[in-house]
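1. everything below, folded, please.
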Amino acid sequence: MAIYKRRRYLFMTLDPVHIGTGGYRLGRVDNSIVREPGTRVPKIPGTSLHGAARSYAAQLYGTPEAAGQTHDEIENPDKNPVCYTFGYIKKSNNGQDVKAYSGVVNVFDAHIVLFPVHSLVGPVWVGTVERLREAGFEVSDVPREWAKDKVLLTFERTDPLNLGWLMLNSGGQVTVNAPTNCQIDRWNAIKNKIALVHESIFSHIVNSNLEVRTSVSINPETGAAEDKALFTYEAIPRATFLTAEVVLDDYRAKFEPVPPNKNSLPSNAGWQSPLDVLDAGLRLIEWLGVGGMGTRGFGRIAIVGQPQEEDYGQQANAAQSPCGEGATTP
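-> Residues are numbered from 1 along each chain as shown. Prediction:
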């Protein structure tokens, strides 16, 4: 019988993060990044997090062949925790026999909740009441109505405040509390530097303050810059806070726990469930990064505190129909 669990992670970018759209040009930027279609706010797609976590978990377990698109070299993928967690396709008998299972974890997009912007009082982190509450934050003392040209602050200020090019009047002081498991130094460093704006202008503020870099291709023979090879690319800047959810749908219920000290797993913690496999992979993104430009100092993301976890197993079981194992694509 399937067991459903949901974890909500809070991330902080340690470097600029570039998840490109494949060369799509946007205004002055040659290589743009992925955005939410409805709001135009940049995001980190769940596919990017899923792929990086799988690759890093496979390396941790000592079976890098479990990270590819085909897993013919894995002798028994049902017993491999990485293949079990993320799914696999195994061909045998010269490709005549194909065995495939989908993964048991769903990784969703990471959305921006607090975005760093330069202001007259130094860096402030811009967010909205709706995004913070959706991510599990407590926001109190919010006025019932407040004008779009005003900003709510977690610090005392009566003068107008600029957020990049935009000047907003102070609309009062609010209190923002992170989920209990996330109240660590990284959160404490910014909790009194938060500015909340209306959702309708959040996208404009974010897109006006993305990091944009300029590079040029180098001719390998001359060592000089190539003519007409100047290009620009944008990125989510360092110290941006994002939230993402993952859901465990262990429809197979056959995961075999990995004991501590097996295959040199870090922290001697072992893997008790597929969520532990995913968690180990996500935490290695803090070292190895995600997305493009990794060799140019881009991509590292840290998990802030511990994820919030909810168990929906009992509620879901009453309405769920039996789910058998079937051949599906990872």
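
2. pick out the residue closest to the middle of the protein.
-> Ala110 (3.9 Å; Cα atoms, centre = their mean).

3. separation between that one and Ala244?
-> According to Cβ to Cβ, to the nearest Å, Ala110 stands 4 Å off from Ala244. Every C-beta, even on glycine, is put in place using the N, C-alpha and C of the backbone.

4. next: Asn106.
-> 11 Å.

5. got any residues that touch both of these two?
-> Common contacts of Asn106 and Ala244 (Cβ atoms under 8 Å, 6 or more residues apart in numbering): Gly46.

6. out of the two, which sits in the busier spot?
-> Using other Cβ atoms under 10 Å as the criterion, Asn106 and Ala244 rank with Ala244 on top: 23 against 15.

7. what's across from the more buried one in the sheet?
-> Beta-bridge pairing for Ala244 (DSSP bridges): Tyr9.

8. my read is that it contacts Gly46, right?
-> Yes - between Ala244 and Gly46 a contact is recorded at 7.0 Å, counting by Cβ atoms under 8 Å.

9. pull up the overlap in contacts between those two.
-> Contacts common to Ala244 and Gly46, judged by Cβ under 8 Å, 6+ apart, are Val107, Phe108, Asp109, Ala110.

10. and these, which of them are in strands?
-> Those of these mapping onto strands are Val107, Ala110, per DSSP state E.

11. which one of the shared contacts of Ala244 and Gly46 is nearest Gly122?
-> Ala110 (25.9 Å; Cβ to Cβ).

12. I figured the closest one hits Ile44, correct?
-> Yes - here Ala110 reaches Ile44: they are 4.0 Å apart, a contact under Cβ under 8 Å.

13. now the common contact residues for the two.
-> Jointly contacting Ala110 and Ile44 under the rule Cβ under 8 Å, 6+ apart are Leu242, Ala244.

14. would you state the helices of the stretch 151-300 of the chain in chain order?
-> In the stretch 151-300 of the chain, the segments counted as helices under DSSP state H, counting those that start in this stretch are 185-188, 199-208, 274-283, 285-288.

15. export those helices as a markdown table, with columns for mean neighbour count.
-> Listed next are the helices of the stretch 151-300 of the chain as a markdown table, based on neighbours: other Cβ atoms under 10 Å:
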| stretch | mean neighbour count |
| --- | --- |
| helix 185-188 | 14 |
| helix 199-208 | 16 |
| helix 274-283 | 24 |
| helix 285-288 | 16 |
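
16. by neighbour count, which of the shared contacts of Ala244 and Gly46 wins?
-> Ala110 (27 neighbours).

17. show me the helices in the stretch 1-150 of the chain, by range?
-> Here the stretch 1-150 of the chain has its helices, by DSSP H, counting those that start in this stretch, at 46-61, 81-86, 129-134.

18. please identify the most buried of these.
-> Highest mean neighbour count of these: helix 81-86, a mean of 28 (counted as mean count of other Cβ atoms under 10 Å).

19. put the alpha carbons of that one into PDB.
-> Below are the C-alpha coordinates for helix 81-86, written out as PDB (Å, rounded to 0.1, in the frame of the first residue of the first chain):
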ATOM      1  CA  PRO A  81      18.600   2.600  -3.900                       C
ATOM      2  CA  VAL A  82      19.300   5.200  -6.500                       C
ATOM      3  CA  CYS A  83      17.500   3.300  -9.300                       C
ATOM      4  CA  TYR A  84      14.600   2.400  -6.900                       C
ATOM      5  CA  THR A  85      14.200   6.100  -5.900                       C
ATOM      6  CA  PHE A  86      14.600   7.800  -9.300                       C
END
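
20. and it, what other elements does it pack with?
-> In terms of contacts (3 or more Cβ pairs under 8 Å, 6 or more residues apart in numbering; DSSP states H and E), helix 81-86 is packed against helix 46-61, helix 274-283.

21. report the angle between the first one and helix 274-283.
-> Relative orientation of helix 46-61 versus helix 274-283 (axes from the mean of the first three to the mean of the last three Cα atoms, to 10 degrees): 100 degrees.

22. same for helix 46-61, what does it pack against?
-> For helix 46-61, the elements it packs on are helix 81-86, strand 105-107, helix 274-283, helix 285-288, judged by 3+ Cβ pairs under 8 Å, 6+ apart.

23. turn the ones you listed into a markdown table, including distance to Glu75.
-> Below are those laid out as a markdown table (distance: least, Cβ to Cβ, whole Å):
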| stretch | distance to Glu75 |
| --- | --- |
| helix 81-86 | 11 |
| strand 105-107 | 23 |
| helix 274-283 | 18 |
| helix 285-288 | 27 |
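
24. of all those, which one is nearest Asn162?
-> helix 285-288 (32.3 Å).
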